[in-house]
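**Student:** have a look at this prediction, sequence included:
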Amino acid sequence: MRQHLWQYLSVRLITGWLVVAILPAIILFSNYIVSDNIQLTQVNSVIASSSAIVLSIIGLERLTQFPGQKSMVTVLPTLLSVGLVVGIVLLVFRLPYSVYYLSISAVLGLVFCFVSQVILRAVTQATIGYVPIGRCQSLLDIDDVRWVELTPCFEPASHSRMPFHAVVADLSDKGLTAEWEQLLAETAIQGTPVYNVLQVRESLTGRLPIKHLYENNLGSLLPSQSYLLLKRLLDTLVIIMTAPIVILIALLVASIIKWQNRYNQESILFIQQRIGQGGKLFTMYKFRSMVANAEANGAQMATSNDMRVTKFGSFIRQTRFDELPQFINVLKGDMSLIGPRPEQLDFVERFNETIPFYRYRHIVKPGISGWAQVMHGYASDEDETKVKLEHDFFYIKNFSLTLDLLIVIKTIQTMLTGFGAR
């Protein structure tokens with residue numbers, strides 16, 4: 001299927017560079033250009049603007065490749081992050097620059113990226129043909145895709161341009177006849193990718209189905225060991241850099257909890273044993289958000305409108321401020337900023353017996369936030385836990401800095417909206 005011109009990264013890069021970096025330079029510096037008297041300040045400013053817009057467009061391209069997220073949400077955080085990096089470089093090396101030019105360029109960059117993402121979303125709705133056999137019918141409940149049912153009379157060789165972005169089939173179903181196999185082979189020859197149903201479901205939902213995760217697939221879920229080391233370093237740097245703000249918020253939250261519990265003398269922190277990397281126990285810290293003796297009858301999953309949660313506890317759960325003490329766990333090496341949420345021992349023992357491959361989520365360090373948290377929220381029963389585990393497996397399989405950055409952005413969004421809080 002012919003791609004829209006705007007879907008090509010090179011087109012967006014060139015257009016963005018011309019609009020954001022070159023256009024304001026021509027308008028503001030035209031006299032200097034004509035007189036051949038270009039200043040170092042102007043050169044530095046154009047280079048800074050060019051670097052910022054190129055990095056922003058590439059960053060948005062990488063962040064929006066993951067499923068189940070609205071691309072518009074990533075625009076402002078991406079631009080702010082890139083602008084901060086470029087600003088730090090200018091200040092550290094004491095390079096002269098034009099504030100007026102960079103201000104105009106920044107506004108144009110913001111408008112361009114928003115408009116670009118609007119156009120991109122409008123032209124990138126996938127049209128996927130599917131063979132109506134086996135598990136393909138289960139894909140039809142996935143939104144933002146135009147599904148077209150194929151028939152045996154479909155002749156891919158008769159199309160100069162295939163009308164689909166892709167074709168999907170349940171390649172393991174016994175009902176897939178030789179006639180269908182020949183049609184799928186011809187489709188691939190004509191240049192349209194043919195995918196198995198499991199690949200498509202994973203890429204569109206951000207979940208890796210547990211029931212199809214056989215032993216010979218586990219090798220694809222091994223996280224990058226080099227990124228594990230880099231991730232540990234980044235966690236430490238982020239905590240050190242954000243410490244002043246985090247400590248201030250933590251002291252305020254602790255003071256309110258202390259005042260709230262002034263009559264029952266309950267501790268400010270909730271301390272509990274959780275399962276970490278490799279299935280090892282560690283002590284996890286949280287701000288107390290529930291009433292005293294909330295788990296007197298044993299460990300229980302949080303539910304919607306949980307009566308055990310205090311009024312202020314509900315607020316810090318929605319904003320995720322109750323997780324701030326876990327920065328201590330990250331510094332100790334028990335946790336990471338991003339990863340699967342650590343579970344209680346009772347739940348882990350139960351899920352190990354009832355959910356296949358549940359232990360595999362412990363191959364990486366648990367996190368304060370994670371892909372399952374920002375995509376699904378809290379789980380209140382075993383069925384929801386299975387869905388969250390599919391998100392965890394997707395995270396482990398796609399373990400990367402790009403996915404972690406996207407989770408950070410969506411975590412901020414979650415803190416502002418209270419998504420998934422219980």
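**Tutor:** All right, it came through fine.
**Student:** domains in this structure, by residue range?
**Tutor:** The chain breaks down into these domains under automatic domain parsing: 5-123, 126-205, 225-417.
**Student:** now do the end-to-end distance for the shortest one.
**Tutor:** By that I understand domain 126-205. Domain 126-205 stretches 14 Å from its first residue to its last (C-alpha to C-alpha, to the nearest Å).
**Student:** can you list the domains of the chain in JSON lines and add mean pLDDT?
**Tutor:** Converted to JSON lines, these look like this (pLDDT from 0 to 100):
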{"stretch": "domain 5-123", "mean pLDDT": "89"}
{"stretch": "domain 126-205", "mean pLDDT": "80"}
{"stretch": "domain 225-417", "mean pLDDT": "85"}
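**Student:** using CSV, lay out those domains together with mean neighbour count.
**Tutor:** C-betas here are computed from N, CA, C, even on glycine. Converted to CSV, these look like this (neighbours: other C-beta atoms under 10 Å):
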stretch, mean neighbour count
domain 5-123, 16
domain 126-205, 16
domain 225-417, 17
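**Student:** the nearest residue to residue 41 once chain neighbours are set aside: what secondary structure?
**Tutor:** The shortest distance from residue 41 to any non-neighbouring residue, by C-beta to C-beta, 6 or more residues apart in numbering, is to residue 96 (4.3 Å). Three-state call for residue 96 (DSSP: H, G, I helix; E, B strand; the rest coil): coil.
**Student:** distance of residue 96 from residue 27?
**Tutor:** Distance of residue 96 to residue 27, computed by C-beta to C-beta, to the nearest Å: 20 Å.
**Student:** tell me the contacts of residue 336?
**Tutor:** Taking C-beta atoms under 8 Å, 6 or more residues apart in numbering as the criterion, residue 336 is in contact with 231-232, 235, 330, 364-368.
**Student:** let's see it at 7 Å
**Tutor:** 231, 235, 330, 365, 367 (C-beta atoms under 7 Å, 6 or more residues apart in numbering).
**Student:** tell me the secondary structure for the residue nearest to it when sequence neighbours are not counted?
**Tutor:** Excluding the flanking residues, the one nearest residue 336 by C-beta to C-beta, 6+ apart is residue 365, at 4.3 Å. Secondary structure assignment for residue 365 (three-state DSSP): coil.
**Student:** one more: the one 3 residues further on?
**Tutor:** Three-state call for residue 368 (three-state DSSP): strand.
**Student:** does it touch residue 324 like I think?
**Tutor:** No. Look at residue 368 against residue 324 with C-beta atoms under 7 Å: they stay out of range, at 8.6 Å.
**Student:** mind listing the helices for the stretch 101-250 of the chain?
**Tutor:** 178-189, 197-205, 225-260 (DSSP state H, counting those that start in this stretch).
**Student:** want to try CSV for the ones you listed, with distance to residue 165 as columns?
**Tutor:** Putting the helices of the stretch 101-250 of the chain into CSV (distance: least, C-beta to C-beta, whole Å) gives the following:
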stretch, distance to residue 165
helix 178-189, 12
helix 197-205, 11
helix 225-260, 30
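**Student:** closest one of the contacts of residue 336 to residue 170?
**Tutor:** Comparing the contacts of residue 336 against residue 170 with C-beta to C-beta places residue 367 closest, at 34.2 Å.
**Student:** contact partners for the closest one?
**Tutor:** Here residue 367 is in contact with 335-341 (C-beta under 7 Å, 6+ apart).
**Student:** hmm, try it at 6 Å
**Tutor:** The contact partners of residue 367, taken as C-beta atoms under 6 Å, 6 or more residues apart in numbering, are 336, 338-339.
**Student:** spatially nearest residue to it, not counting backbone neighbours?
**Tutor:** residue 339 (2.9 Å).
**Student:** what's the separation between that neighbour and residue 378?
**Tutor:** 16 Å.
**Student:** residue 86 now?
**Tutor:** For residue 86 relative to residue 378 (C-beta to C-beta), the value is 38 Å.
**Student:** also residue 87?
**Tutor:** For residue 87, the distance to residue 378 equals 38 Å [C-beta to C-beta].
**Student:** and if you look at residue 198?
**Tutor:** Taking C-beta to C-beta, one finds residue 198 at 27 Å from residue 378.
**Student:** for residue 11, same thing?
**Tutor:** Note on residue 11: its distance to residue 378, by C-beta to C-beta, is 42 Å.
**Student:** for residue 97, which residues are in contact?
**Tutor:** 41, 44-45, 90.
**Student:** again, but for residue 184
**Tutor:** 169, 194.
**Student:** if you set the cut-off to 10 Å instead, what comes out?
**Tutor:** Applying C-beta atoms under 10 Å, 6 or more residues apart in numbering, we find residue 184 in contact with 131, 150, 156, 167-169, 171, 176, 192, 194.
**Student:** and the gap between the closest residue to residue 319 other than its chain neighbours and residue 24?
**Tutor:** Beyond its immediate neighbours in the sequence, the residue positioned closest to residue 319 (C-beta to C-beta, 6+ apart) is residue 415, lying 5.1 Å away. Between residue 415 and residue 24 the distance is 35 Å, computed by C-beta to C-beta.
**Student:** equivalent analysis for residue 336, please.
**Tutor:** 41 Å.
**Student:** same check on residue 275?
**Tutor:** Distance, residue 275 to residue 24, using C-beta to C-beta: 54 Å.
**Student:** now do residue 357
**Tutor:** As judged by C-beta to C-beta, residue 357 and residue 24 stand 54 Å apart.
**Student:** same question for residue 202.
**Tutor:** With C-beta to C-beta as the criterion, residue 202 and residue 24 are 43 Å apart.
**Student:** just residue 384 next, same as before
**Tutor:** 50 Å.
**Student:** how about the strands in this structure?
**Tutor:** When secondary structure is read from DSSP state E, the chain shows strands at 126-130, 145-149, 166-169, 194-196, 269-275, 281-287, 336-338, 367-369.
**Student:** and these as CSV, adding distance to residue 136?
**Tutor:** As requested, the strands of the chain are exported to CSV (distance: least, C-beta to C-beta, whole Å):
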stretch, distance to residue 136
strand 126-130, 5
strand 145-149, 9
strand 166-169, 6
strand 194-196, 10
strand 269-275, 37
strand 281-287, 42
strand 336-338, 33
strand 367-369, 34
